[in-house]
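A.B. asks: Could you look at this predicted model? Sequence included:
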Amino acid sequence: MKKLLLATAATALMAGAATAEDIKIGVILGFTGPIESLTPDMAAGAELAMAEVSASGKLLDGSTVTPIRADSTCVDAAAATTAAERLITGEGVKGIMGADCSGVTGAILANAALPNGVVMVSPSATSPGLSTAEDNGLFFRTAPSDARQGVVMAELLKEQGVGSVAISYINSDYGKGLADSFQAAFEAIGGTVTISAAHEVGKGDYSAEVAALASAGGERLVVAGYVDQGGGDIVRAAIDAGAFDTFHFPDGMIGDALPATFGTEIDGSFGQAPGSDNPGYATFVELAGDAFNGQGTYAAESYDAAALILLAMQAAGTSDPAVYKDFLEGVANAPGEPIMPGELGKALEILAAGGDVDLVGATGVELVNGGEAAGSYRVVTFKEGNMETVEYR
Amino acid sequence: MDILNAIVALANYVLIPGAAYGAQLAIGALGVTLVYGILRFSNFAHGDTMAFGTMVTILFTWLFQSWGISLGPLPTALLALPLGIAFTALLLLGTDRVVFKFYREKKAVPTVLAMVSLGVMLVMNGLVRFIIGVGDQQFDDGQRFLISAKDFKDWTGLAEGLALRTTQALTIVVAIIVVAALFWFLNKTRTGKSMRAFSDNEDLALLSGIDPQRVVMVTWIIVAGLATIAGVLYGLDKAFRPFTYFQLLLPIFAAAIVGGLGNPLGAIAGGFLIAFSEVIVTYAWKKVAGYVLPEALQPDGLAQLLSTDYKFAVSFGILVLVLIFKPTGLFKGQSV
C-alpha cells in the first residue's frame, strides 16, 4: 500500500514538472590519496554553487541539481577512470566537476568523458600537457596551466634575489610539467637549477633523495609535490638533515597541513597557489562561512567550475553536454553582466531572458586558449608558523 | 677544514642513514634466515609480520600516551615493544598451528612452503590494513634529535651540519643488543644449541632426543621478536605504512641471500652491505668531491651513479650478481 502511494505520488510529481529534471553532476576529486586534505573544501565549493542554483529554482524551468561524489584517488588512473565511467553510465551525470590531479584528469578525459561525450571542468589540473590533449571541446579548466605558474614562480624567485635552486618534483604529469616549465622560465631569466630530481609518493624513506638534493646545493629547495605525501616527506627529511632552511612551494603544497605540520621550521619560505584579489573571492569566502574553508586551495576554482557548467546549460537551454559545451566560454567571458558568487540566480534569470552574462565568480575566471583560465596567483610566505598572503600576481 | 666538511657531509648523508637502515635490514634479515635455517623455507610473510608487530606496538603506544605514560626523551614505543612482540608471537604460533604445521607433517618441499607463506603474507597484509588502515602513522615521540644540524653548525663553525636523530642512535644501540643476545642464545644455551643441531641435521637431532615441537615454537617466538623490533625501529626512524613494509621484503631477502641464507652472521653483513650500496650508489658525490678534490678535478655534474628512483634496482642487482657467482652467499649459507 505504502509503495503504491509512493509510486502514485512520484508519478504525479513527474507529470507536474513537464520539462524540469533532476540534473546529476559528478564531483570527481581525490578524496583519498596525496591531496586528500585539500579535496573536502573543493567538493564543498562546487556543491555550494549547485545548491545555490537548485535553491533559486530558475535552472531550466525549475530543474534541480544533485552532486554525486566519486574518488579520483589523484594518482591511480585506472581507479579514476572506473569511477568516472560509473558516474557517466551508471548515474547518468550530465557534466563532471573534476578531476583534480593532472594525470587522472587526462585519463578520465581520454577514456571516459571523450567516448561518452560528457563535459569536464577541472578546478585544479594544471599540467601544460592538457592544453594540447584531444578533447572535442569537452574539456575546460578554471585553474591556469602550469606553463604560467612556472613563469610566475621564476619571476618571484628572481625578484627576491635567489640565483640558484634545487627542484624536487613528484613523478607525475603535474610534477614533471611544472618542474620543466619552471626550469625553462628560471634559466631564461638567468637563474640556475642545480638539480631537478623526481620523488615517488608512498616511500618510507626519503633520505637518499635529500642527500642528492643537498649535494647539488642551491639557495632554496623548490618542492613541486603534494603536501600529504612525498612532498611533505621531502621537506621533513631536508629539515632533519639540515640540507635546506628555506623552500619554495607551488600550489600542490599550499594547504593548511603545511604550517600545521612544520610550524616555525619553514619560516622564511615562500609559495604560490592560484588565487585572486578580485572582489568575488571575499564574497565567496563569506558565503562559505563556517561550513567549510573558503580559502582552501582550489575551493574557489571548484565553485566557479560548477557554476560554469550550470550557467552554460541555462544558456544552451538544455542539459545535453553535446549542446551546452559550446556555451561555456560565452558565459565565462565578457561581454555580459558581471556575475559574483551568490548571484547565480540572477545570472540564470538573465540567461533565460536571452541576455548575456560574464561569470566573474570567486576567481575572476576568464577562459583562454580553448578553455583554460588565464590565471592569477596568490603569493604566500610563512612567518612564525603561520601562512600569510603577500600579494597577488 | 675542507676535509672535515667532507667527512661531516659524508657522515650526515651516507654513514648515519646507511648504518641505521642497515641495522634495520639486518634484524629483519636475521628473522628470514632463522626461518630458512631451522624451518627450511623462505618466509615471504616476514615483511607483513613486521607490519603486524609494529601495528600492535603502535596501538599500545597510543594507549600508553593516552594514559600519560612516557619514557621522557625516549620514544614510548619502546615500552609497548614487549607487548607487540607477545602478540606477534601469538599470531605466528597460531599461523604455524593452522597452516605451516600441516605442510611440515606432510614433509612438503620448501617451494610449496614458500608458496604457502605467500598466502599467509596476503592474509596478514589484509589483517593489518583492516585494523589500522592504509595510511601513514606517526608514533615517534620523545626528543627528536640527539644532535640537530643547526646546533652542530653553531658548535663547530663548519659549513656542513650533522644531524643524529634519537631514533637512528636507538636503532644502532638496539641492533647491537639484539644481535649479541641472539648469538649468546644460539651458542650458549641448551635450547639454542638444540636449534642449531636441528638446523644442521634434523634426523640426527631427533635421534638425540631433541623435541621438534619445542624447537619450532622457540624459533617462531624469536622470529616474532626480531620482526617486531625491526619493524618498530624502521617505523620510528621513518614512518609506518603497511605498503612500505611489504616493499621492505625485497631488500630484506636480498640481505639474507647475499649474506648466505641460514647463516645469522651473513644476514647482518648482508643487511649493511645492501643498505650502504643503496645509499652510496644513489648518492651525488659532487659536494664531497668539491671539498676534497683540487679545483681542476672537480666534477661539473652531480657525480651520481644512479638516480634515486633506482634505489630498489641496487638490491636486485646485487642479488643477481651473488646468485650467479656465489649462490650460497658471501658467508657460507645454504644454497637457495
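C.D. replies: Received, thanks.

A.B. asks: how near is the residue in chain A that chain B sits nearest to to A:Leu258?
C.D. replies: Here chain A gets closest to chain B at one residue, A:Gly242, 2.2 Å apart by CB to the nearest CB. Glycine gets a C-beta too; all of them are placed from N, C-alpha and C. Noted for A:Gly242: a distance of 20 Å to A:Leu258, by CB to CB, to the nearest Å.

A.B. asks: more crowded one of those two?
C.D. replies: Using other CB atoms under 10 Å in any protein chain shown as the criterion, A:Gly242 and A:Leu258 rank with A:Leu258 on top: 25 against 20.

A.B. asks: Report pLDDT for that one.
C.D. replies: If you check A:Leu258, the pLDDT there is 87.

A.B. asks: ok, now the one 4 residues further on?
C.D. replies: Looking at A:Phe262, its pLDDT reads 87.

A.B. asks: contacting residues around it?
C.D. replies: Counting by CB atoms under 8 Å, 6 or more residues apart in numbering or on different chains, A:Phe262 makes contact with A:235-236, A:239.

A.B. asks: give the contact list for A:Pro26.
C.D. replies: Quick fix: residue A:26 reads Gly, not Pro. Contacts of A:Gly26 by CB under 8 Å, 6+ apart are A:67-70, A:84, A:87-88, A:91, A:93, A:95-98.

A.B. asks: mind redoing it with 6 Å?
C.D. replies: A:68, A:87, A:93, A:96 (CB atoms under 6 Å, 6 or more residues apart in numbering or on different chains).

A.B. asks: ok, now A:Ala273?
C.D. replies: Residues near A:Ala273 by CB under 6 Å, 6+ apart: A:251, A:254, A:297, A:378.

A.B. asks: Try it again at 8 Å.
C.D. replies: A:Ala273 touches A:250-251, A:254, A:297-298, A:377-378, A:380, counting by CB under 8 Å, 6+ apart.

A.B. asks: Equivalent analysis for A:Asp277, please.
C.D. replies: Each residue near A:Asp277 by CB under 8 Å, 6+ apart is listed here: A:376, A:378, A:392.

A.B. asks: so who does B:Lys162 touch?
C.D. replies: If you look again at residue B:162, you'll see it is Leu, not Lys. Neighbour list for B:Leu162: A:242, B:8, B:11-12, B:16, B:147, B:149, B:152 [criterion: CB under 8 Å, 6+ apart].

A.B. asks: Show me the shaky parts of chain B.
C.D. replies: Low-confidence segments of chain B (pLDDT under 70): B:1, B:333-336.

A.B. asks: Where does it get nearest to chain A, which residue?
C.D. replies: Closest to chain A within chain B is B:Ala149: 2.2 Å, counting by CB to the nearest CB.

A.B. asks: so what's that residue closest to, chain neighbours aside?
C.D. replies: Among residues not flanking B:Ala149 along the chain, A:Gly242 sits closest, at 2.2 Å (CB to CB, 6 or more residues apart in numbering or on different chains).

A.B. asks: Quick check: which element contains the closest residue to A:Arg69 other than its chain neighbours?
C.D. replies: Among residues not flanking A:Arg69 along the chain, A:Val27 sits closest, at 4.8 Å (CB to CB, 6+ apart). Per DSSP states H and E, A:Val27 falls inside strand A:22-29.

A.B. asks: strands paired with that strand, and their directions?
C.D. replies: Pairing partners of strand A:22-29, with direction, according to DSSP bridges: strand A:64-71 (parallel), strand A:95-98 (parallel).

A.B. asks: Tell me which residue lies farthest from the centre of chain B.
C.D. replies: The C-alpha centroid of chain B is most remote from B:Ala296, which lies 42.2 Å away (CA atoms, centre = their mean).

A.B. asks: wait, is that one part of a helix?
C.D. replies: Yes - looking at B:Ala296 with DSSP: H, G, I helix; E, B strand; the rest coil, it is inside a helix.

A.B. asks: need the contact list for it.
C.D. replies: With contact set as CB under 8 Å, 6+ apart, B:Ala296 has no partners.

A.B. asks: Alpha carbons of stretch B:43-52, as PDB, please.
C.D. replies: Only the C-alpha atoms of stretch B:43-52 are listed here, as PDB (Å, rounded to 0.1, in the frame of the first residue of the first chain):
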ATOM      1  CA  ASN B  43      59.000 -17.000   4.600                       C
ATOM      2  CA  PHE B  44      57.600 -14.300   2.400                       C
ATOM      3  CA  ALA B  45      55.200 -13.300   5.100                       C
ATOM      4  CA  HIS B  46      58.100 -11.700   7.000                       C
ATOM      5  CA  GLY B  47      57.500  -8.100   5.800                       C
ATOM      6  CA  ASP B  48      53.900  -8.300   6.900                       C
ATOM      7  CA  THR B  49      54.800  -9.900  10.200                       C
ATOM      8  CA  MET B  50      56.900  -6.800  10.800                       C
ATOM      9  CA  ALA B  51      54.000  -4.700   9.900                       C
ATOM     10  CA  PHE B  52      51.700  -6.600  12.300                       C
END
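
A.B. asks: so the residue of chain A closest to chain B touches B:Leu158, yeah?
C.D. replies: No - taking contacts as CB atoms under 8 Å, A:Gly242 lies outside contact range of B:Leu158: 11.0 Å.

A.B. asks: and which of the contacts of A:Gly26 is nearest A:Ala214?
C.D. replies: Nearest to A:Ala214 among the contacts of A:Gly26, counting by CB to CB, is A:Ile96 at 42.2 Å.

A.B. asks: Is the closest one bridged to anything, and to what?
C.D. replies: A:Gly26, A:Met120.

A.B. asks: tally of neighbours for it?
C.D. replies: Neighbours around A:Ile96, by other CB under 10 Å: 30.

A.B. asks: Over to B:Val98?
C.D. replies: If we define neighbours as other CB under 10 Å, then B:Val98 has 10 of them.

A.B. asks: Please tell me how far it sits from B:Leu91.
C.D. replies: Going from B:Val98 to B:Leu91 by CB to CB gives 11 Å.

A.B. asks: where does the stretch 201-350 of chain A come near chain B, residue by residue?
C.D. replies: Residues of the stretch 201-350 of chain A found near chain B (CB under 8 Å from any CB of the partner chain) are A:202-205, A:207-212, A:214-217, A:229, A:233, A:240-243.

A.B. asks: quick one: which of these sit in helices?
C.D. replies: Among those, the ones falling in helices (DSSP state H) are A:207-212, A:214-216, A:233, A:240-241.

A.B. asks: any idea which of the residues you listed has the most stuff around it?
C.D. replies: The residue in those with the most neighbours, by other CB under 10 Å, is A:Val210 (30 neighbours).

A.B. asks: Go ahead and confirm that one touches A:Arg236.
C.D. replies: No - at 9.1 Å, A:Val210 and A:Arg236 do not qualify as touching, with contact defined as CB under 8 Å.

A.B. asks: sec struct for A:Val193, please.
C.D. replies: strand.

A.B. asks: which stretch of helix or strand covers the spatially closest residue to it that is not a sequence neighbour?
C.D. replies: In this structure, A:Val193 finds its nearest non-sequential neighbour in A:Gln183, 4.9 Å apart by CB to CB, 6+ apart. Using DSSP H and E, A:Gln183 maps to helix A:173-188.

A.B. asks: mind listing what's buried in stretch A:101-119?
C.D. replies: Counting neighbours by 16 or more other CB atoms under 10 Å in any protein chain shown, one finds that the buried residues in stretch A:101-119 are A:101-114, A:118-119.

A.B. asks: for A:Val379, phi and psi?
C.D. replies: Main-chain torsions, A:Val379, degrees, to the nearest 10: phi -90, psi 130.

A.B. asks: and what of the one 10 residues further on?
C.D. replies: Backbone geometry at A:Thr389, expressed as degrees, to the nearest 10, gives phi -80, psi 130.

A.B. asks: roughly how far is stretch A:263-277 from the heart of the chain?
C.D. replies: Put simply, stretch A:263-277 sits 18 Å off its chain's centre (CA atoms, centre = their mean, to the nearest Å).

A.B. asks: Perfect, that will be all.
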